[in-house]
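>>> Let me see the structure of the following:
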Amino acid sequence: MPVTAFPDEWLAQSIEGLTPERLLALRGRAESGRTLWDCVVAEKIATDAQIIEKLCHRFRLKVADPSRIDLTARDGVPEQLARRYHVLPLRLTDSFLELGTANPFDLDAEKALAFATAREIRLFLLAPSKIREKLDEMYKSETAINKLLEGMGDAEVLTTLPDAPHPEELNVSEADASQKPVVRLVDMIISEGILSRASDIHVEPEEGGVAVRYRIDGVLRQVMKIPRQAGLPLISRIKIMSSLDIADRLRPQDGRARVAVNGQPIDLRVSTLPAQLGEKVVIRILDSRGTVKSLDTLGLNPGEAEAIKRLLENHEGILLVTGPTGSGKTTTLYSAINQIKSEGVNIVTVEDPVEYRMQGIVQVQVQEKAGLTFAAALRSILRQDPNVVLVGEIRDKETAQIAVQASLTGHLVLSTLHTNDAANAVTRLVDIGVESYKIAASLRGVVAQRLMRKLCPTCKEVWMEAPPERLRRWIPKGTPLYRAAGCPDCAMTGYRGRFSILEILTMTPELERLIAAGEPADRIAEAAQRGGMKSLWDSGLAHVARGESTLDELTRVVDIPAEAEAPRSTGAPNTVGVPLEPAAPVSTIFDLLEESAPPARRSGAHGQPASKVLLVDDEDSLRKVMRDLLERDGYVVTEARDGVQALDQVDRVGPDIIVLDLNLPGLDGYGVLSHLRSRPATANIPVIVLTAKGDEDNEVRVFELGADDFLTKPFRARALSARLEAVLGRRR
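Okay, the predicted model is just below:
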């Protein structure tokens, strides 16, 4: 009986370990209609993932994502057709159909599906087992349910009843919430919270009642629990005070109120959240007439206030204060404003809400319902000739871009971000949508901040016990430590008041290069620490060593650093600590070049990471050849097929050198080169122009635009490598 070939016989050339003898044996044992892919996986010669990786690398195929299937594609492809050609419908539009397949070179399947659907076919790679699994899910769900229901009678009838709400909730009205005892209770809770130095008041429905908690010095403390019959009218009373809809209990609401305690006006910001047992209410207490502190009175370590003052000496750029909600960012910003405020400086702020009121500056309150957003207010402020602009918080892309633009046009911009540390402020701005090179050009410094509780001076005691083992290496021998005892002055907590601990990142030329190149936050943090930045842990530890707080408080606020930082190198360290060279990159061998490549340059000079090359060419085959050549030489290669994509990749990747074709769709190579040389962040990136136009006029023109070298097509493999090495060598 003759042995027939597999329908996907082409796959044999891409699988390692599949010898001709083994392939022949598989043919002999294969069942009718079985594919080579299935046989290879069944015989454990290779896994689905390994096969997909090989095919993607060799043929530049895209991999299907079966978790993102558009169900409308099922209606466009009949089940019989999908199973005959073993394809999985992924996405259907008016012009094309995307399919997952294990045989992307099956032209008969592509033609049949294109004819049946009257659409262009786009194929993505997917394992046969995954296709079968997803086809069964896609086409057999209704059939399976019908089979399950066969033979079942209609004797049992199920009806759905509406949820029965708590009777107390139904009876709470505006009249109930306005009764005198309820009003007095709410007034007492708010006034006691203000007099207790609480920053927030939490009113939370629980089983059997409503709990009231104050956040004092950053820690929640329960002060009372009210019966449910009295607690629900209390919540409605708070909503009435802040002009919220008491009848709407199913949606979150935000409101404001203004009260006075002992003649002192206090602003309240109220937020409600529907929960399982009723609405939770949080009241943020804002003392807008509170005294603005100076930097020297924030309780900072020696040198931290001076570092912030040096940052404030800049007349343009962005200074960010980062940290979670309630970490004192606004207080620090106003202390900075107080430092630079003078008659000759025009300072304008835009906030939500205005937490401090200061004489001599213009403060703008955000009103989103009226259209006065951060971005809209900031855009108008820039027409008011300010020297310094304070933005309460950068929340979105539009606000971030206007703030960056303002900093690049001669304004000092102060603002806050919600990040864990100073280095991640860059990552956050990139996530919002600000380009890396703009961040590098505008950022002057980042202050990451936390608040630690201060030991009560009345009752603090010397801690006689030894610190835990994991903390001993941080505490020098003989350092006296203290613990919180508790007394009436501090409400038995052992702490009274708070101070700031800081991590101050100051921009340097090295940091600018790393940020512009899009390096991750850990690389930025390492460079900043080499430049003298102290971490939040170091800052807090200095306060503990001076007896101002405790180790328990420090570990509550800041994570303990890792035991040892792993050294960064291009390879595994050997026994004497010298980085070893990593293994050569695995790549498919192409026989399209006439010359053999020179020996691989597996890493940069002195063990530094290999150089990053951006290839810009609209010819896919040529780009593929150049990529394989350069990767064998040890370069990290990124590709772009047109001018717009090239500029985007420059901002994302931060290449060390660019190989640029002139004849590109859309924005041509001349335009790309002109853009690169006009931007400070990219002006010094070396560019080798690669073109078929080898005439003298063209060569002169590209050098006038700022090219570093000129290479004509067709080129020799060793010529490209030599040009790259020469240009990079000159730039080093």
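
>>> Residue 42 and residue 103, how far apart?
17 Å (C-beta to C-beta, to the nearest Å). The C-beta positions use only the backbone N, C-alpha and C, and glycine is treated the same way.

>>> The two: who's more crowded?
residue 103 (21 against 12; other C-beta atoms under 10 Å).

>>> Nearest residue to that one in space, ignoring adjacent ones along the chain?
Counting by C-beta to C-beta, 6 or more residues apart in numbering, residue 103 lies nearest to residue 8, which is 4.9 Å off, once chain neighbours are set aside.

>>> That neighbour: neighbour count?
Residue 8, neighbours per other C-beta under 10 Å, totals 20.

>>> Could you pull up the residues touching it?
35, 36, 37, 102, 103 (C-beta atoms under 8 Å, 6 or more residues apart in numbering).

>>> Now the first one: phi and psi?
The main-chain torsion angles of residue 35 are listed as degrees, to the nearest 10 and equal phi -100, psi 160.

>>> Provide the backbone phi and psi angles at the residue nearest to residue 103.
Dihedral angles (degrees, to the nearest 10) for residue 8: phi -110, psi 50.

>>> per-residue confidence at it?
Predicted confidence (pLDDT) for residue 8: 77.

>>> tell me the helices in the stretch 1-150 of the chain, going along the chain?
For the stretch 1-150 of the chain, applying DSSP state H, counting those that start in this stretch gives helices covering 20-29, 36-42, 48-59, 72-76, 79-84, 107-117, 128-139, 141-149.

>>> What is the neighbour count of the nearest residue to residue 81 once chain neighbours are set aside?
Closest residue to residue 81 apart from its sequence neighbours, by C-beta to C-beta, 6+ apart: residue 116 at 5.9 Å. Here the count is done by other C-beta under 10 Å, and residue 116 has 13 residues near it.

>>> which residues sit in contact with residue 116?
77, 78, 81.

>>> Of the residues you listed, just say which sits nearest to residue 543.
residue 77 (66.6 Å; C-beta to C-beta).

>>> The residue nearest to the closest one when sequence neighbours are not counted - how many residues pack around it?
Distance criterion C-beta to C-beta, 6+ apart; nearest residue to residue 77, sequence neighbours excluded, is residue 89 at 4.4 Å. Residue 89 is flanked by 28 other residues according to other C-beta under 10 Å.

>>> for residue 183, same thing?
Residue 183: 16 neighbours (other C-beta under 10 Å).

>>> Tell me which helix or strand in the chain has the weakest average pLDDT.
Here the helix or strand of the chain ranked lowest by mean pLDDT, DSSP states H and E is helix 167-171, holding a mean of 46.

>>> Distance from stretch 406-422 to the middle of the chain?
17 Å (C-alpha atoms, centre = their mean, to the nearest Å).

>>> mean confidence score for it?
Mean predicted lDDT for stretch 406-422 stands at 90.

>>> Could you list the buried residues of it?
406-407, 411-422 (16 or more other C-beta atoms under 10 Å).

>>> okay, how far is it across it, tip to tip?
21 Å (C-alpha to C-alpha, to the nearest Å).

>>> cool, and stretch 367-376?
OK, stretch 367-376 end separation, C-alpha to C-alpha: 10 Å.

>>> Residue 46 and residue 18, how far apart?
8 Å.

>>> Looking at the buried residues of stretch 406-422, which is nearest residue 303?
For these, the nearest to residue 303 is residue 422 (15.8 Å; C-beta to C-beta).

>>> isn't there a strand covering the closest one?
No. Residue 422 is assigned coil when assessed by DSSP: H, G, I helix; E, B strand; the rest coil, not a strand.

>>> which residues sit in contact with it?
Neighbours of residue 422 in contact, by C-beta under 8 Å, 6+ apart: 322, 446, 447, 448, 503, 504, 505, 525, 528, 533.

>>> rerun that using 10 Å as the cut-off
Contact analysis of residue 422 by C-beta atoms under 10 Å, 6 or more residues apart in numbering lists 320-323, 445-449, 502-506, 521, 524-525, 528, 533, 535-536.

>>> Tell me which of these fall in strands.
Among those, the members falling in strands (DSSP state E) are 320-322, 445-449, 502-506.

>>> Which of these are buried? Put it as a PyMOL command.
Selection of the buried residues among those in PyMOL, burial being defined by 16+ other C-beta under 10 Å:
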select buried, resi 320+321+322+445+446+447+448+449+502+503+504+505+506
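
>>> Now the buried members of the contacts of residue 116.
For those, buried by 16+ other C-beta under 10 Å: residue 77.

>>> Nearest to residue 369 among the contacts of residue 116?
residue 77 (48.3 Å).

>>> Does residue 18 touch residue 41 like I think?
No. The pair residue 18 / residue 41 is not scored as a contact, 11.9 Å apart, by C-beta atoms under 10 Å.

>>> Give me the neighbour count for residue 483.
Neighbours around residue 483, by other C-beta under 10 Å: 15.

>>> cool, residue 207 as well?
Count around residue 207 with other C-beta under 10 Å applied: 6.

>>> leaving aside the residues next to it on the chain, what's closest to residue 60?
residue 624 (6.5 Å).

>>> Helix or strand: which one has that neighbour?
helix 620-632 (DSSP states H and E).

>>> try residue 260
strand 253-261.

>>> again with residue 647
Counting by DSSP H and E, residue 647 is found in helix 643-653.

>>> Next, work out how far apart residue 34 and residue 26 are.
9 Å.

>>> State the pLDDT value of residue 388.
On the pLDDT scale, residue 388 gets 92.
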